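S.K.: build me a structure from this.
(one chain, ligands or ions: 1)
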Amino acid sequence: MRMSFNNILVKKNNKIATVIINRPKKLNALNKETIEELHFAFEELQSDESIRAIILTGSGDKAFVAGADISEFADFDISQGKDLAAKGQKYLFDYIENLNTPVIAAINGFALGGGLELAMASHFRVASDNAKMGLPEVSLGLIPGYGGTQRLPQLVGKGKAMEMIMTAGMITAEDAKESGLVNHVVSQEELLPLCERLAKKIGYNSSNAISAAIKAINASYTAGVKGFEVEVEQFGNCFGTEDFNEGTTAFLDKRKPSFK
Ligand code: COA
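M.R.: The predicted structure follows:
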């Protein structure tokens, strides 16, 4: 297992992993190396059976992630631009969305551009009350390229997404909660403790069943895939698992299940 990275920190405690993007001087902007390191970290954490949930956050008290690193693509041409978006989506954003292990984004400050896209690729989001969120790409002559034009309307609705993307503005954590972009808003001190409590609660449940639920829910948002059919398939597969045996036996025995 690769333990050391230049741009991220990975901590493990009580079956919960916390991945911290650690470029605070650049407001944790996502450069190429950070994206690669995040991919490796998530790949390793997914294969670690002791880890039940992953919390993703930014270092410092100012930013979750202030976007893709603008200095890296300022001189790109059309084909490099397409390549940047395609590789980033495949390697990190779609990868996180389809991870078997749940990922909670703990948005501790600015989540802009690629930063908000990273939070939206996570399975759900919790924000601190100082957080500001937006997709400012049109102010740079760009559009969101890491899934933002697809995931923002899924979360907040088409009209709100249009407004946020067209105005390039930032919304507050409270606005984000009202729009369905984040599930909870708490003080900065409470942010990680709340995410840890949610992760712990997830960890009591069957990880097999949770990964099946992720597949079924995501299927509903994937063009050309029939979500109800994926649900039937995933539901059926659960019946062949040890977790199903344990969960139903524990219920009938009137005890708490103990999933492996
Ligand atoms: N890419 C590269 N560097 C970034 C960055 C990004 N997306 N966001 C912030 N930084 C860097 C700044 O260049 C600055 O570096 P420097 O100290 O070497 O000059 C450092 O992070 C601190 O940012 P700064 O702009 O000085 O902080 P601020 O508090 O005045 O403003 C923001 C904070 C978030 C409003 C501002 O940094 C910003 O608008 N960032 C870009 C957001 C964006 O457009 N993201 C989408 C990218 S596709």
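S.K.: in stretch 131-146, which residues are buried?
M.R.: 131-137, 142, 144-146 (16 or more other C-beta atoms under 10 Å). Yep, even glycine has a C-beta here, placed from its N, CA and C like the rest.
S.K.: can you get me a residue count around Lys256?
M.R.: A count of nearby residues for Lys256, using other C-beta atoms under 10 Å, gives 8.
S.K.: no wait, Lys226
M.R.: Residues within reach of Lys226, counting by other C-beta under 10 Å, total 12.
S.K.: returning to what we had before: of the buried residues of stretch 131-146, closest to the ligand?
M.R.: Pro136 (4.2 Å; C-beta to the nearest ligand atom).
S.K.: give the contact list for the closest one.
M.R.: For Pro136, the contact set (C-beta atoms under 8 Å, 6 or more residues apart in numbering) comprises 67, 112-113, 168-170.
S.K.: which strands and helices lie in contact with the one helix or strand Gly159 maps to?
M.R.: Secondary structure assignment for Gly159, by DSSP states H and E: helix 158-167. Counting by 3 or more C-beta pairs under 8 Å, 6 or more residues apart in numbering; DSSP states H and E, the packing neighbours recorded for helix 158-167 are helix 148-156.
S.K.: what's the angle from the helix it packs on to helix 158-167?
M.R.: If you take axes from the mean of the first three to the mean of the last three C-alpha atoms, to 10 degrees, helix 148-156 sits at 140 degrees to helix 158-167.
S.K.: check which helices and strands helix 148-156 sits against.
M.R.: Counting by 3+ C-beta pairs under 8 Å, 6+ apart, the packing neighbours recorded for helix 148-156 are helix 114-121, helix 158-167.
S.K.: that helix near the ligand at all?
M.R.: No: in terms of C-beta under 6 Å from any ligand atom, no part of helix 148-156 sits within range of the ligand; the closest distance is 9.3 Å.
S.K.: which outside residues touch that helix?
M.R.: By C-beta under 8 Å, 6+ apart, helix 148-156 touches 113, 116-117, 120-121, 135, 137, 143-144, 161-162, 164-165, 179-181, 221.
S.K.: give the buried residues for that helix.
M.R.: Those would be 148-153, 155-156, for helix 148-156 by 16+ other C-beta under 10 Å.
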